[in-house]
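A.B. asks: Sequence first, then the predicted structure:
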Amino acid sequence: MSVVALARDLGSTRHSVLHVLGDHLQVVWGALVAFVVVMLLTPAVGGMARLLGAVDTPGGRRLNVRPVPRLGGLALFLGIFVPSLAFLPLGRETRGLLLGAAVAVTVGAIDDFRGLRWWEKLSGQLLAAAVPTWFGIWVDRFTFPFVGIHTVPAWLGVPLTILWIVAIMNMVNFLDGLDGLAAGVAAIAGLTFAVIALSLAKPDAAIMSAIVFGACVGFLRHNFYPARIFMGDSGALLLGFVLAALSVQGLLKTAATVALFFPLLVLAVPIVDTTFVVARRLRHGQKVFEGDQAHLHHRFLRRGFSQPRAAVTIWLWCGSLAAAALATRFIPFRAHGVWHTWPTVAAAAIALVAVGFSIYVVYVLEIVKVANPYHRRRDEHLRKSA
């Protein structure tokens, strides 16, 4: 394929996205309203959390050096709920998503306020995840590369959907350990899902994804280092629930061949973090739901990164993976069974950036023990100074 043909195909895809966006400006307005609502309401929610005593005090695994209110998820919920009512048709799936989100934020808020045992929290998460399946949001088909579309029966698709939603809820919750980290990753995921959903002509999913993006950016105004409020479990479970449900509603249930891999790429950072932590806890005989400082962001801090630098580094990593997902969607590197040279080179270059960033993270954090001269010199210096 020539460069001119590549540009033509890319232009056609971009035109398609812009055409759908032009017909559904609610995507833009929803994001703006969510941004304003969250930015304005978050200080009031923080004040209410202080009055209720829902405050994280310094000590233990916590990184804050002064008391910080939790319950930021309530502001995020209002920032998602209000524009959803304003800009989304209240069809069956939308009602199911909003109701499930309400259950998720309620479970998280109770945990923020008085604490829940692990099985109580898990039961609430299962209930929240089951709600959208009652309203038709479940994986009823997969499109596998080289195989085609396969219908999934309800007895299998519904449990898989519940498992996926609960998993992502916990993964986002585990990731929420640095000021602004989870909100930033969720914002990147929301924006990426919105663009992909537009390209798949899924306007409702695009509007909700854009609303999540706007809400998270508005929350970052108060949550980035030094945070004046934490989203708490109420926010982490809410964002995890909405992103997981959107990935089913707007991405998985399509005929696009690579749709199966979009959520895995965009949400790869929380997936990798949780997989690494759970595997470590199992290997050392620790309780899976018992917190520790083995998460990727803790390892960045132990390598000398500041909180803002660690958060931004993980954002960039997430952004590189999101760019790879977008490249997979928008660059026509293979059409009608034929591989095209320049599109393949372009897609491969973007993929190499994502892979390179991932290798950098593995190297810096010593996730896989390799001969790292920097860390060897550091360890020798520490031994001599001791």
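C.D. replies: Everything's here; your move.
A.B. asks: confidence score at the closest residue to residue 138 other than its chain neighbours?
C.D. replies: Among residues not flanking residue 138 along the chain, residue 161 sits closest, at 4.1 Å (C-beta to C-beta, 6 or more residues apart in numbering). The C-beta positions use only the backbone N, C-alpha and C, and glycine is treated the same way. On pLDDT, residue 161 comes in at 95.
A.B. asks: doesn't residue 136 make contact with residue 161?
C.D. replies: No: assessed by C-beta atoms under 8 Å, residue 161 is found out of contact with residue 136, at 10.6 Å.
A.B. asks: Between the two, tell me which one has more neighbours.
C.D. replies: residue 161 (23 against 14; other C-beta atoms under 10 Å).
A.B. asks: From residue 294, how far off is the more buried one?
C.D. replies: Distance of residue 161 to residue 294, computed by C-beta to C-beta, to the nearest Å: 29 Å.
A.B. asks: Report the secondary structure element holding residue 161.
C.D. replies: helix 154-175 (DSSP states H and E).
A.B. asks: tell me the average confidence for the following helix or strand past that helix?
C.D. replies: The C-terminal neighbour of helix 154-175 among helices and strands, as given by DSSP H and E, is helix 181-199. Average pLDDT, helix 181-199: 94.
A.B. asks: Taking helix 154-175 as reference, get the angle to helix 181-199.
C.D. replies: 140 degrees (axes from the mean of the first three to the mean of the last three C-alpha atoms, to 10 degrees).
A.B. asks: Show me what helix 181-199 is packed up against.
C.D. replies: The elements that helix 181-199 packs onto, with contact taken as 3 or more C-beta pairs under 8 Å, 6 or more residues apart in numbering; DSSP states H and E, are helix 3-23, helix 26-52, helix 154-175, helix 203-223, helix 232-246, helix 262-266, helix 307-330.
A.B. asks: average pLDDT across the helix or strand where residue 350 lies?
C.D. replies: In this assignment (DSSP H and E), residue 350 forms part of helix 341-365. For helix 341-365, the mean pLDDT works out to 89.
A.B. asks: Show me what it packs onto, helices and strands only.
C.D. replies: helix 3-23, helix 296-302, helix 307-330.
A.B. asks: and residue 175, which of these is closest to it?
C.D. replies: Smallest distance to residue 175 across those (C-beta to C-beta): 7.5 Å, for helix 296-302.
A.B. asks: chain center to the closest one: distance?
C.D. replies: 19 Å (C-alpha atoms, centre = their mean, to the nearest Å).
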